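Chemist: One predicted model, sequence on top.
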Amino acid sequence: MGELADKLRYAMQDGTLGTAKLILEGCDGVIEYETEKIGLRCGRRAVWVEGKSLRLLCLEEDGAVITGHIEAVRFA
């Protein structure tokens, strides 16, 4: 998990309590997309982001950007 976790960057956005931006490098596809759960494929691994009002702002070759009230990030 270390390799995948190294690609994960988590930052609070402009002081808005509870709202965050997640930047994940190396994602190459969407597994699931709902407002409370987003699953992304990252090579042979998967990342699940859980929370409220989640939005996938960007998915490109080099990464993905998710915003919303992020409650959990799980690796599988």
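Modeler: On my side now, so go ahead.

Chemist: my guess is Leu56 meets Gly39, correct?
Modeler: No - if you go by CB atoms under 8 Å, Leu56 and Gly39 don't touch, sitting 10.4 Å apart. Every C-beta, even on glycine, is put in place using the N, C-alpha and C of the backbone.

Chemist: overlap in contacts of those two?
Modeler: Any residue near both Leu56 and Gly39 by CB atoms under 8 Å, 6 or more residues apart in numbering counts here, and that gives Val30, Tyr33.

Chemist: Just give the number of residues close to Ala64.
Modeler: Other residues within reach of Ala64 by the criterion other CB atoms under 10 Å amount to 23.

Chemist: Now do the phi/psi pair for it.
Modeler: When read as degrees, to the nearest 10, the backbone of Ala64 gives phi -130, psi 150.

Chemist: now it, nearest residue through space, not along the chain?
Modeler: Cys27 (4.4 Å; CB to CB, 6 or more residues apart in numbering).

Chemist: give the contact list for the one you found.
Modeler: Going by CB under 8 Å, 6+ apart, the list of residues near Cys27 reads Leu40, Arg41, Cys42, Val47, Leu59, Gly63, Ala64.

Chemist: Apply 6 Å and report the result again.
Modeler: Residues near Cys27 by CB atoms under 6 Å, 6 or more residues apart in numbering: Leu40, Cys42, Ala64.
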